[in-house]
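[1] just a sequence and a predicted model for now, questions to come.
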Amino acid sequence: MAASLAVTSAILAAAGWAGGAAAAAAGPTSWTVFHGNPAGSGVAGPVTAVNTGRRAWTSPKLDGQIYGEPLLFAGRVYVATENDTVYALSAATGQVAWSSHLASPVPSGDLPCGDITPTVGITGTPVIDPARDEIFAVADELVRGAPAHVLVGLSAATGKTEMNQDVDPPGADTAALLQRTGLTLDHGRVVFGMGGNFGDCASYRGRVTAAPETGGRPLVFTVDAGPGESQGAVWMGGAAPVVDSAGHVWVSTGNGSVYSASHAYDDSDSVLELSPTMRLLQYFAPSNWPENNSQDLDMSTAPVLLPGGQVILAGKSRIVYLLDGAHLGGIGTQQAMLGSACGADIDGGIALAGMTAYLPCASGVIAVRATRSPPALRLLWTAPRPGGPPVLAAGLIWTIGQNGMLYGLDPATGAVRQQAFIGAVANHFPTPAVAGGLLLAPAAQDVVAFSAPAARTSASASPGSPAAPVAPASHATSPPPVAAGGGGIPAGGVAGITVAGLALAGGLGWLLWWRRRMGNN
């Protein structure tokens with residue numbers, strides 16, 4: 001056993017089992033934003049194991065499809081539906097504590113195209129501001145017979161409406177817009193992206209919107225803003241905009257309407273860094289961006305902010321790019337690239353362990369390791385089962401497949417170590433959350449919870465401090481068979497205890513780097 005522990009400890013150390021920018025692990029009792037923290041790193045707090053052998057509970061069937069990630073705060077699980085309803089469920093039982101039906105959702109037949117049926121309501125993952133005890137969601141509502149996108153703030157305790165703000169850009173064709181990204185918070189504002197419906201029909205422009213939590217006129221950055229330009233969706237496979245330690249906002253953008261390099265660049269097919277006031281600071285796009293635009297090859301993952309300042313980006317081209325976060329450089333300035341990294345689109349949120357990014361390839365999660373000197377990318381493995389955006393908990397990579405299976409993957413090899421059936425899912429990008437002693441998996445119209453007890457911290461640790469690093473168990477010597485369940489600490493489970501402390505170290509590294517580089521803009 002000692003030799004086995006040493007082998008996997010070395011593997012995970014080489015991977016850099018730590019978080020990146022602002023990527024401290026989610027608190028053990030809360031998960032208030034997409035993938036657990038502003039950096040979207042998908043790292044849970046210290047968890048000893050996930051018991052997939054039996055469900056802790058299954059919620060009642062809700063009134064519409066679930067497209068977003070469940071959230072957890074103050075002993076309740078929050079989830080929103082395409083029927084424009086926000087639910088608060090008891091974290092102990094899964095029963096409904098309160099629900100708030102915000103408005104009439106938009107019938108899919110009223111839209112020029114799309115793949116969400118029968119109605120379009122709340123698609124993006126909401127966000128919770130614990131300081132305000134308030135949950136925010138963007139609802140697609142039918143207002144006077146036409147679609148409207150409305151940011152709503154609700155009391156997390158009671159569901160009472162605290163704020164209601166129209167966030168449609170002036171003059172936009174509201175039927176052509178879809179609010180697909182998760183929501184996040186930055187400098188007292190709710191930040192989210194907007195794009196078009198599936199099919200890119202009608203005329204729209206991608207936007208990044210920062211709306212005051214108290215209501216009022218939003219700040220907006222527009223992609224493809226030039227005369228005659230359109231598209232450039234900010235959708236990111238449902239991931240939320242990434243907020244770094246300086247409060248800067250990072251997003252990826254989809255294909256734009258410009259197909260010729262002789263035309264001025266239009267901010268499409270890119271990663272953008274924006275100030276908190278939605279001013280463009282810098283960008284990167286590949287040299288073949290016009291060709292990508294003509295073939296609908298979006299950049300569609302959440303930007304991955306690595307310790308030390310590098311950035312990983314990927315999308316529908318299936319190429320993974322490594323960038324210098326301090327100097328994105330514009331067109332064709334990548335440090336390295338990894339071609340044909342997977343057999344399908346790479347869309348959605350990510351999980352990050354130091355310099356290893358776990359990316360949501362539709363044909364199977366992929367593990368990609370970056371190096372600083374020389375800058376390079378290496379494909380470590382491809383998971384044997386299709387899955388959605390991954391998260392890290394209890395020493396495993398958790399992902400949900402289109403077949404309704406929840407998988408726990410070995411972070412060193414990608415092998416399936418645990419699995420459980422949760423039921424049919426509603427969309428291509430379902431993603432679990434882990435907090436409060438639970439792993440929460442969204443099925444099509446209900447939430448399935450599995451026990452995921454938090455690890456004990458040292459008696460000498462200060463309140464709220466991460467657990468001391470513990471050497472992870474190994475699968476390297478004699479891999480066990482796939483487990484349908486298991487309530488004890490699985491091989492590799494102890495590794496999860498180390499994640500919070502090491503992730504915090506990575507986040508502090510990015511913070512120091514940013515402070516040297518610049519102040520807030």
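    Everything's here; your move. Not measured: the values here are computed from a predicted model.

[2] now do the contacts for the residue lying closest to residue 178 once chain neighbours are set aside.
    What sits nearest to residue 178 in space, not counting adjacent residues and going by Cβ to Cβ, 6 or more residues apart in numbering, is residue 197, at 5.0 Å. Backbone N, C-alpha and C define where each C-beta goes, glycine included. By Cβ atoms under 8 Å, 6 or more residues apart in numbering, the contact list for residue 197 reads 111, 112, 113, 114, 115, 116, 176, 177, 178.

[3] make it 6 Å
    For residue 197, the contact set (Cβ atoms under 6 Å, 6 or more residues apart in numbering) comprises 111, 113, 114, 178.

[4] please identify which pair of these lies farthest apart.
    Maximum pairwise distance in the contacts of residue 197, criterion Cβ to Cβ, is 10.0 Å, between 113 and 178.

[5] find the least confident helix or strand in the protein, judged by mean pLDDT.
    Ranked by mean pLDDT, DSSP states H and E, the helix or strand of the chain with the weakest confidence is helix 2-15, at a mean of 36.

[6] gap between the following helix or strand past that helix and the chain center?
    Moving toward the C-terminus from helix 2-15, the next helix or strand (DSSP states H and E) is strand 57-58. Computed by Cα atoms, centre = their mean, to the nearest Å, the chain-centroid distance of strand 57-58 equals 24 Å.

[7] list the contacts of strand 57-58.
    93, 94, 446, 448, 449.

[8] try it again with 10 Å
    77, 89-95, 422-423, 438, 441, 443, 446-451 (Cβ atoms under 10 Å, 6 or more residues apart in numbering).

[9] could you give the mean pLDDT of that strand?
    For strand 57-58, mean pLDDT rounds to 98.

[10] and the residue nearest to residue 238 when sequence neighbours are not counted, how far is that from residue 236?
    Spatial nearest neighbour of residue 238, chain neighbours left out: residue 429 (4.3 Å); criterion: Cβ to Cβ, 6+ apart. Per Cβ to Cβ, to the nearest Å, residue 429 is found 9 Å from residue 236.

[11] what ranges do the strands span in the stretch 251-400 of the chain?
    Applying DSSP state E, counting those that start in this stretch to the stretch 251-400 of the chain gives strands spanning 271-274, 280-285, 304-305, 310-313, 320-324, 330-331, 336-338, 351-353, 356-359, 366-371, 376-382, 391-393, 396-400.

[12] state the number of residues packed around residue 188.
    Number of residues near residue 188 (other Cβ atoms under 10 Å) recorded here: 12.

[13] and it, what does it touch?
    By Cβ under 10 Å, 6+ apart, the residues touching residue 188 are 129, 132, 210, 212, 213, 214, 276.

[14] the first one bridge partners, please.
    With DSSP bridges applied, the residues forming beta bridges to residue 129 are residue 134.

[15] if we can go back for a sec, now, of the contacts of residue 188, which are buried?
    Restricting those to buried positions leaves 129, 132, 210, 212, 213, 276, with burial counted as 16 or more other Cβ atoms under 10 Å.

[16] most tightly packed of the strands of the stretch 251-400 of the chain?
    Neighbour counts (mean count of other Cβ atoms under 10 Å) averaged over each of these peak at strand 304-305, with a mean of 32.

[17] export the contacts of residue 188 to CSV and tack on secondary structure?
    Shown next, in CSV, are the contacts of residue 188 (DSSP: H, G, I helix; E, B strand; the rest coil):
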residue, secondary structure
129, strand
132, coil
210, strand
212, strand
213, coil
214, coil
276, coil
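
[18] grab the two from those residues that are most spread out in space.
    Spanning the widest gap among the contacts of residue 188 are 132 and 276, at 17.9 Å by Cβ to Cβ.

[19] so what pLDDT did residue 455 get?
    What the model reports as pLDDT for residue 455 is 84.

[20] could you measure from it over to residue 49?
    From residue 455 to residue 49 the distance is 9 Å (Cβ to Cβ).

[21] skip the chain neighbours and tell me the closest residue to residue 437.
    Nearest non-adjacent residue to residue 437, counting by Cβ to Cβ, 6+ apart: residue 453, 5.2 Å away.

[22] that neighbour contacts residue 50, doesn't it?
    Yes. Counting by Cβ atoms under 10 Å, residue 453 does reach residue 50; the two are 9.1 Å apart.

[23] when the two are compared, which one has more neighbours?
    Neighbour count, other Cβ under 10 Å: between residue 453 and residue 50, residue 50 has more, with 30 against 17.

[24] I'd say the more buried one and residue 407 touch.
    No. Using Cβ under 10 Å, residue 50 is not in contact with residue 407, being 11.1 Å away.

[25] which neighbours do these two share?
    With Cβ under 10 Å, 6+ apart as the test, residue 50 and residue 407 both reach 396, 398, 418, 420.

[26] I'd like those as JSON lines, with pLDDT and distance to residue 343 appended.
    JSON lines is the format used below for these (pLDDT from 0 to 100; distance: Cβ to Cβ, whole Å):
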{"residue": "396", "pLDDT": "98", "distance to residue 343": "23"}
{"residue": "398", "pLDDT": "98", "distance to residue 343": "21"}
{"residue": "418", "pLDDT": "98", "distance to residue 343": "24"}
{"residue": "420", "pLDDT": "98", "distance to residue 343": "25"}
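
[27] contacting residues for the residue nearest to residue 437?
    Shown in contact with residue 453 (Cβ under 10 Å, 6+ apart): 28, 46, 47, 48, 49, 50, 51, 394, 437, 438, 487, 489.

[28] which of the residues you listed are buried?
    28, 46, 47, 48, 49, 50, 51, 394, 437, 438, 489.
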